[in-house]
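Colleague: fold the stuff below for me.
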Amino acid sequence: PLQFSARIVTTAHQLNATDDYPPRTRQLTVYYDFPARRSRVDYDGVAPHEPPKAFVRRYDLQFEWSVLELGGEKACQKSRLREAMPMPRW
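Modeller: Here you go, the predicted structure:
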């Protein structure tokens, strides 16, 4: 498929499950739309160590935005994309 979304959970099996830091699992959601030349990755926050963040790539506009929330305030960084959007490979 040229369009999809997926929920990904990574688990560090060598970390103790009862320890608070570093976090043992991290979760992210990927949205991919090749015909529209857009992608987005949302990282769930790991309280209180890491805030939630998102990366939006607009290959049609050749820009990437990084959005991060710190203390209830959102910060945004804009970068230029120089590569073409990769085709999905399965």
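Colleague: sketch out the low-pLDDT regions of this protein for me.
Modeller: Counting by pLDDT under 70, the chain shows no low-confidence range.
Colleague: quick one, strands of it?
Modeller: 3-11, 25-33, 38-43, 53-58, 63-70, 73-80 (DSSP state E).
Colleague: format the ones you listed as TSV; extra columns: distance to Asp19 and mean neighbour count.
Modeller: Quick note: C-beta positions are derived from backbone N, CA and C, even for glycine. Shown next, in TSV, are those (distance: least, CB to CB, whole Å; neighbours: other CB atoms under 10 Å):
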stretch	distance to Asp19	mean neighbour count
strand 3-11	14	10
strand 25-33	12	15
strand 38-43	20	17
strand 53-58	23	18
strand 63-70	24	14
strand 73-80	29	10
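Colleague: just so I know, which of these lies nearest Trp90?
Modeller: strand 3-11 (10.1 Å; CB to CB).
Colleague: the closest one packs against which elements?
Modeller: If you count contacts as 3 or more CB pairs under 8 Å, 6 or more residues apart in numbering; DSSP states H and E, strand 3-11 packs onto strand 25-33.
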